[in-house]
Structures are given as structure tokens and as C-alpha cells.
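Novice: below is the sequence, then the predicted model.
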Amino acid sequence: MTSTVPFVSNGAAQNGNGNGNGLARSTTNGISNILKPAVSACIRERLQERGVSFLANDNIAAHLEPGELAELQIEVADKVRDLLRSLVIDIDNDHNTHETAERVAKMYLHEVFKGRYHEQPKVASFPNVKQLDEIYTVGPITVRSACSHHLVPIMGNCWIGIKPGARVIGLSKFTRVADWVFSRPHIQEEAVMILADEIEKLCEPQGLGIIIKAQHYCMKWRGVKEPQTSMVNSVVRGDFRHDPSLKQEFFELVRQQEALLST
């Protein structure tokens with residue numbers, strides 16, 4: 001039986017590539033054979049050849065081959081293990097961190113950063129048969145992300161306002177798409193724009209407004225350690241951008257929702 005597992009050097013990794021060259025070692029029946037490129041190097045090379053961006057808040061799911069995500073999870077676990085060793089944590093004898101590397105790798109690829117490695121949830125749209133043209137808002141939608149500067153949590157709420165176009169999507173689908181977009185390393189200013197882009201692709205609304213209100217643990221947990229600070233930003237497009245009264249109506253509906261929930 002032949003398998004491919006990342007090569008783990010003695011001690012900390014060199015240059016962040018396990019053995020210093022971005023290579024993994026192929027094994028057959030436990031016997032080490034030849035070095036081959038690590039799966040992350042293969043994916044990165046493929047993206048570069050195709051001219052595909054792979055920034056922290058990009059999605060690369062369409063460019064992953066079958067089985068590569070499982071291989072990547074093994075590689076990431078090895079890198080996390082090296083990180084823990086570099087932090088002088090005795091992972092061989094510490095029962096609390098014995099399986100931390102595997103847990104962190106699974107968390108990054110399938111949970112907190114799943115929006116990078118998994119495809120967008122399937123979202124069915126339907127014809128706007130009644131030609132609805134009155135705006136509605138959905139929220140608050142809980143959003144969870146991570147600051148791309150320090151990889152610590154961003155936690156907050158999102159409100160989405162829609163003036164329907166030719167097609168509509170179910171209310172729950174906004175939550176699914178928001179979770180998928182925010183499950184990546186982000187800065188909040190870009191996250192709201194990416195979410196707006198995705199919603200416009202799905203239902204082509206006449207007008208769209210999004211508000212994000214979030215707390216950043218890069219400010220609460222480290223740095224200035226200011227526990228009460230939050231960030232609020234928004235994006236408006238289409239009729240919301242060109243018609244001040246519609247924009248005002250959207251913000252007023254969000255205020256009413258917040259007031260209703262606080263009572």
C-alpha cells in the first residue's frame with residue numbers, strides 16, 4: 001500500500017516547508033522512498049500557472065483536486081506541530097497538547113477558514129413572479145471571522161437589505177452565504193464588499209445594502225486591549241446608492257430590528 005505523508009524533520013521546520021524545500025516524503029509499507037512536492041506547493045504552483053489569486057480572503061475550492069484537502073490537512077497538522085515545538089511546548093509528554101496540531105488543522109480547513117477551501121453552499125433562486133419591489137431586511141446574522149493580520153477572532157452581526165430584482169432567494173440562504181464568506185481571514189472593510197458581490201451574483205437585486213457591526217479581538221485581546229471597541233461599516237449598491245430615501249429606509253429598518261431585539 002502506498003501513501004503520501006509530509007516529511008517531518010527533527011526539530012522545527014526550516015523556512016516553513018517541513019524539510020526546507022516544500023517537499024513531502026512518499027512511503028510504501030512504512031519504508032521511506034523519494035521526496036515529492038508537498039501538496040501545498042502543488043496547489044500553489046497550479047494557482048500561479050492559472051493566474052488565480054490566493055489571497056487570505058479568496059476561495060480556491062475550484063482549483064483543488066480530489067483528495068488534496070485531506071493531504072493538506074495532514075501537512076498543516078505537521079506545520080502546527082513544528083510551531084508548537086518552536087514555542088517550546090513539550091507536545092510529546094503534555095497530554096493537553098498531544099493532539100492539538102490535528103485539531104487546529106481540522107479547524108482551519110473545515111471550520112473557521114472553510115470559506116477558502118470549500119465551495120459555496122448551494123443556493124436556489126426563484127423567479128420574482130409577483131414582481132415584488134419593496135425592500136426588506138434580514139438580520140441580525142451572526143458572522144464569525146478572523147483578522148488576517150493576527151488570525152484572532154472577529155465576531156459580530158450583519159444586516160442585509162434587498163430591493164428584489166428578477167429573482168429571489170430564501171431568507172436562510174443569506175445566512176449560509178454570509179457564513180461562507182466570513183469563514184476566511186479578513187479585514188472587515190473587504191469582507192462586506194465580497195459578501196455584496198456574492199449576493200448580487202445570486203439574485204441580481206435592484207438595490208442592496210449591507211451593514212456589519214463587529215468586535216475585533218486583535219484590539220480586545222492584544223495590542224491596545226480595548227474591550228469595548230467595535231467597528232461598523234456598510235456598503236450600498238444599485239437603487240440604495242442612487243436613491244437617498246431608499247438608503248435611509250434601509251438604515252431605519254435595521255434600527256427598528258435592533259430596537260425590537262433589545263426589548
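Specialist: Done, it's in. Numbering: from 1, shown residues only.
Novice: and for the nearest residue to E68 once chain neighbours are set aside, the neighbour number?
Specialist: Spatial nearest neighbour of E68, excluding adjacent residues (CB to CB, 6 or more residues apart in numbering): V39 at 5.5 Å. The C-beta positions use only the backbone N, C-alpha and C, and glycine is treated the same way. Per other CB atoms under 10 Å, the neighbour tally for V39 reads 24.
Novice: what does D58 give?
Specialist: Neighbourhood size, D58 [other CB under 10 Å]: 13.
Novice: which residues does it contact?
Specialist: D58 is in contact with R116, R184, counting by CB atoms under 8 Å, 6 or more residues apart in numbering.
Novice: circling back: distance of the residue nearest to E68 from S53?
Specialist: In this view, V39 and S53 are 19 Å apart by CB to CB, to the nearest Å.
Novice: I210: helix or strand, and which one exactly?
Specialist: strand 207-216 (DSSP states H and E).
Novice: partner strands of that strand, parallel or antiparallel?
Specialist: Strand pairing for strand 207-216, determined by DSSP bridges: strand 153-163 (antiparallel), strand 231-238 (antiparallel).
Novice: may I have it exported as PDB, CA atoms only?
Specialist: Extracted C-alpha coordinates of strand 207-216, given in PDB (Å, rounded to 0.1, in the frame of the first residue of the first chain):
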ATOM      1  CA  GLY A 207     -30.900  47.500  -4.600                       C
ATOM      2  CA  LEU A 208     -28.600  46.000  -2.000                       C
ATOM      3  CA  GLY A 209     -27.400  47.300   1.400                       C
ATOM      4  CA  ILE A 210     -25.200  45.500   4.000                       C
ATOM      5  CA  ILE A 211     -24.200  46.600   7.500                       C
ATOM      6  CA  ILE A 212     -21.600  44.900   9.600                       C
ATOM      7  CA  LYS A 213     -21.100  45.600  13.300                       C
ATOM      8  CA  ALA A 214     -18.300  43.600  14.800                       C
ATOM      9  CA  GLN A 215     -15.700  43.400  17.600                       C
ATOM     10  CA  HIS A 216     -12.100  42.600  16.800                       C
END
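Novice: any idea which helix or strand comes after it?
Specialist: Next along from strand 207-216, by DSSP H and E: helix 217-220.
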